[in-house]
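Student: sequence first, then the predicted structure:
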Amino acid sequence: MKLMKPDIKYSRSFVQAVEELRLRQEDSFFRAFGRPLTVDQYIKLTEKHAQKKDLPQGWVPYATFWLVDEDEFIGELHFRYVLTNYLRNYGGHIGYTIRPSMRNKGYGKQLLALALPKIQELGYSKVLVTCDETNIASKKIIEANGGAFHQANAQGKNMPQKLLYWIDLNTDS
Ligand SMILES: CC(C)(COP(=O)(O)OP(=O)(O)OC[C@H]1O[C@@H](n2cnc3c(N)ncnc32)[C@H](O)[C@@H]1OP(=O)(O)O)[C@@H](O)C(=O)NCCC(=O)NCCS
């Protein structure tokens with residue numbers, strides 16, 4: 001298993017994963033790009049976004065990582081380099097998705113665990129990670145990776161609270 005930069009080599013399983021997400025209406029990140037993209041175009045665009053180029057309105061620059069196991073795309077993680085007011089209160093530094101057919105096999109935990117040292121290498125000493133209070137899998141992933149609960153923020157009527165955790169990257173735990 002490895003966490004790496006997106007690579008066209010894994011396009012077949014990546015396309016399958018995006019289709020699984022689309023069927024579950026969990027593809028809002030990809031839809032935000034506004035038009036269908038080939039995998040090559042998608043990868044190039046995320047590289048541009050990392051360099052602060054061609055960002056959609058309101059987005060901050062971010063790095064993209066792919067979790068790959070046995071030559072198959074398993075999941076994607078985005079690390080946002082800066083926090084806006086919204087990200088500080090709701091979105092945090094990190095967003096991640098595991099391919100629906102690969103969930104509940106421990107990959108989510110591994111994805112975040114492998115990303116933290118890479119984020120530390122980028123010069124960060126702590127990261128803000130958030131989840132809805134109803135997202136039990138994500139809550140467990142964050143807590144298993146050293147997340148220290150910070151606060152819960154209301155998101156509006158009939159919406160779950162957003163739980164905010166800080167992960168200190170300078171500890172060995
Ligand atoms: C959240 C998500 C990343 C979890 O990935 P995953 O690979 O299934 O997670 P893991 O297999 O590592 O499971 C982590 C823990 O959650 C539990 N879990 C997994 N799916 C669960 C579910 N649907 N309900 C409750 N618990 C669940 C696992 O049993 C495991 O528990 P354990 O620590 O007691 O062993 C995945 O469901 C996903 O991509 N969801 C959509 C996007 C999303 O919500 N991203 C997070 C935004 S904050």
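Tutor: Alright, I've got the coordinates.

Student: and the longest helix anywhere in the chain, which residues are buried?
Tutor: Longest helix in the chain by number of residues (criterion: DSSP state H): helix 107-121. Buried residues in helix 107-121, counted by 16 or more other C-beta atoms under 10 Å: 107-112, 114-116, 119. C-betas here are computed from N, CA, C, even on glycine.

Student: give me the nearest residue to residue 48, chain neighbours excluded.
Tutor: Among residues not flanking residue 48 along the chain, residue 54 sits closest, at 4.9 Å (C-beta to C-beta, 6 or more residues apart in numbering).

Student: for the one you found, give me the pLDDT.
Tutor: On pLDDT, residue 54 comes in at 93.

Student: surely it is within a helix?
Tutor: No: counting by DSSP: H, G, I helix; E, B strand; the rest coil, residue 54 falls outside a helix, being coil.

Student: quick one: it from residue 122, how far?
Tutor: 21 Å (C-beta to C-beta, to the nearest Å).

Student: what do you get for residue 2?
Tutor: Taking C-beta to C-beta, one finds residue 2 at 18 Å from residue 122.

Student: again, but for residue 111
Tutor: From residue 111 to residue 122 the distance is 17 Å (C-beta to C-beta).
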